[in-house]
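# need a structure here:
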Amino acid sequence: MTKSTTARAAQAEDRYVCFRLAGQEFALPIADVKETIRPRPVTPVFHTPDFVLGLVNLRGEVVAVLDVARILGLRPTEIGAESRVVVVKRGPKAGIVVDSLSEVRTIDADSIRPPPATLDRQIAGYLRGVVALEAGPVSVIDLEHVFDADALKPFRRSG
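Model (predicted):
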């Protein structure tokens with residue numbers, strides 16, 4: 001394999017942090033994930049949408065905790081022993097609460113298919129697509145589109 005062939009192969013396969021929400025498997029590109037943490041006390045913020053659970057202090061940095069399940073039209077996430085907050089690198093300083101972490105998987109970019117046509121268009125817009133794995137389907141979240149949602153515009157960083 002030549003260097004250029006190896007580089008193309010590396011671009012075609014990406015690593016994803018997989019997690020569960022409402023009994024379904026989802027994933028984020030590992031490049032979009034800063035870290036995962038155990039849930040901690042959240043300070044609620046008045047006059048925010050129901051998917052903004054509140055704010056946490058993460059080593060001196062204020063981070064919004066979002067229930068992305070609600071954004072995706074799923075039942076609200078219940079914080080339990082296996083729950084985690086996936087702190088993301090893109091968009092506002094935020095973490096998304098998940099039911100549990102699964103594993104880090106390597107997914108071939110060519111295997112990601114568009115969301116099913118039966119899915120609500122707005123919800124489908126929050127997904128890069130769906131990949132069929134032996135363990136079952138995995139929906140790949142498109143953070144850029146999630147954070148571009150009208151309801152999140154007030155939380156964007158300036159500069």
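# in this structure Glu35 contacts Val88, no?
No. Between Glu35 and Val88 there is no contact under CB atoms under 8 Å: 9.4 Å. In short, each C-beta sits where N, CA and C put it, glycine included.
# which of those two has more neighbours?
Val88 (24 against 12; other CB atoms under 10 Å).
# wait, what's in contact with the more buried one?
Going by CB atoms under 8 Å, 6 or more residues apart in numbering, Val88 touches 28, 32-34, 94-96, 143.
# quick one: the helices in this protein?
Ranges of helices within the chain are 3-12, 68-71, 121-124, 143-147, based on DSSP state H.
# comparing these, which yields the minimum mean pLDDT?
Note on those: helix 3-12 shows the lowest mean pLDDT, a mean of 45.
# pLDDT score for the residue nearest to Ser102 when sequence neighbours are not counted?
Leaving aside its sequence neighbours, Ser102 sits nearest to Cys18 (CB to CB, 6 or more residues apart in numbering; 3.9 Å). At Cys18, the pLDDT value in this model is 97.
# who is Cys18 paired with across the strands?
Bridge pairing for Cys18 (DSSP bridges) gives the partners Ala27.
# in this structure it contacts Thr106, no?
No. Look at Cys18 against Thr106 with CB under 8 Å: they stay out of range, at 10.8 Å.
# so these two - more neighbours on which side?
Applying other CB under 10 Å to Cys18 and Thr106 shows that Cys18 carries more neighbours, namely 21 against 9.
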